[in-house]
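> Give the three-dimensional model of this entry:
(one chain, ligands or ions: 1)
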Amino acid sequence: MAVRALYTGSFDPITNGHLDIITRASRMYDELVVGVIVNPAKNPMFTKEERVEMITEVTSFLPNVKVDCFQGLLADYVNRNHFQAVVRGLRSAGDFDYEIQMAHMNARLFDPGIESVFLMADPAYTFLSSSMVKEVVSLHGNAEGLVPESVLERMKERV
Ligand code: ADP
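Residues are numbered from 1 along each chain as shown. Below you'll find the predicted structure:
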């Protein structure tokens, strides 16, 4: 049976740190779905359609990666779609503190056998977050190498 995993996030927009996690996780599973979380309470730079489009474009070299979006409880989406694992990236102790709480809560909510799996961020990207890149680009700073080039172009157009 094919082993399917989910990598979730806001991806507003996808960064090279996310792309590194996606590339590495795609080698671990038969299929990796990148799940864009739609949170109506947040005011994103990009719509869910734009985020899905950008991720689809920059992961096109990875044949076993698919992109989807969902709203509501993560565990409902995971259980409904029968994923075997949920991947998250860890940059720092701060990420760990938050993620360990989420993982324990999700362990109660996931169907039996579904695991939370953590990949350590590439040291080159531990400082990198979507919000930081948005700030740099909005202030016309140099964000080359932090997000894929096509994403950077879209960000510049947006600001
Ligand atoms: P969220 O709003 O759910 O934290 P993000 O899009 O910011 O969504 O992040 C999605 C996932 O990717 C999280 O597990 C986060 O820790 C991880 N992540 C974010 N930035 C990086 C990075 N630079 N390197 C590795 N993992 C990252």
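> and A103, how many neighbours?
17 (other Cβ atoms under 10 Å). C-betas here are computed from N, CA, C, even on glycine.
> Leaving out the residues flanking it, which one is nearest to it?
Nearest residue to A103, sequence neighbours excluded (Cβ to Cβ, 6 or more residues apart in numbering): S116, at 4.1 Å.
> Report the separation between the one you found and I55.
Using Cβ to Cβ, to the nearest Å, S116 is found at 21 Å from I55.
> picking that back up, so the residue nearest to A103 makes contact with V86?
Yes. Applying Cβ atoms under 8 Å as the test, S116 and V86 come out as touching, 5.2 Å apart.
> Compare S116 and I55 and say which is more crowded by neighbours.
It is I55, of S116 and I55, that has more neighbours when counted by other Cβ under 10 Å, with 28 against 17.
> sorry, back to before: who touches both of S116 and V86?
The contact sets of S116 and V86 overlap at N106 (Cβ atoms under 8 Å, 6 or more residues apart in numbering).
> For burial, what's the neighbour tally of Y29?
Neighbours of Y29 under the rule other Cβ under 10 Å: 21.
> ok, it - contacts?
By Cβ under 8 Å, 6+ apart, the neighbours of Y29 are V3, R4, A5, N64, Q84, A85.
> Can you select the buried ones among those for me in PyMOL?
A single PyMOL command selects the buried members of the contacts of Y29 (16 or more other Cβ atoms under 10 Å):
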select buried, resi 4+5+84+85
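> Among the contacts of Y29, name the ones in strands.
In this view, the contacts of Y29 that belong to strands under DSSP state E are R4, A5, A85.
> Reformat the residues you listed as CSV; add distance to the ligand and pLDDT.
Conversion of the ones in strands among the contacts of Y29 to CSV gives the following (distance: Cβ to the nearest ligand atom, whole Å; pLDDT from 0 to 100):
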residue, distance to the ligand, pLDDT
R4, 18, 98
A5, 13, 98
A85, 13, 98
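> Contact partners for K48?
V36, V38, C69.
> export those to CSV and tack on secondary structure, pLDDT and neighbour count?
Compiled in CSV, these are given as follows (DSSP: H, G, I helix; E, B strand; the rest coil; pLDDT from 0 to 100; neighbours: other Cβ atoms under 10 Å):
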residue, secondary structure, pLDDT, neighbour count
V36, strand, 98, 24
V38, coil, 96, 16
C69, strand, 97, 18
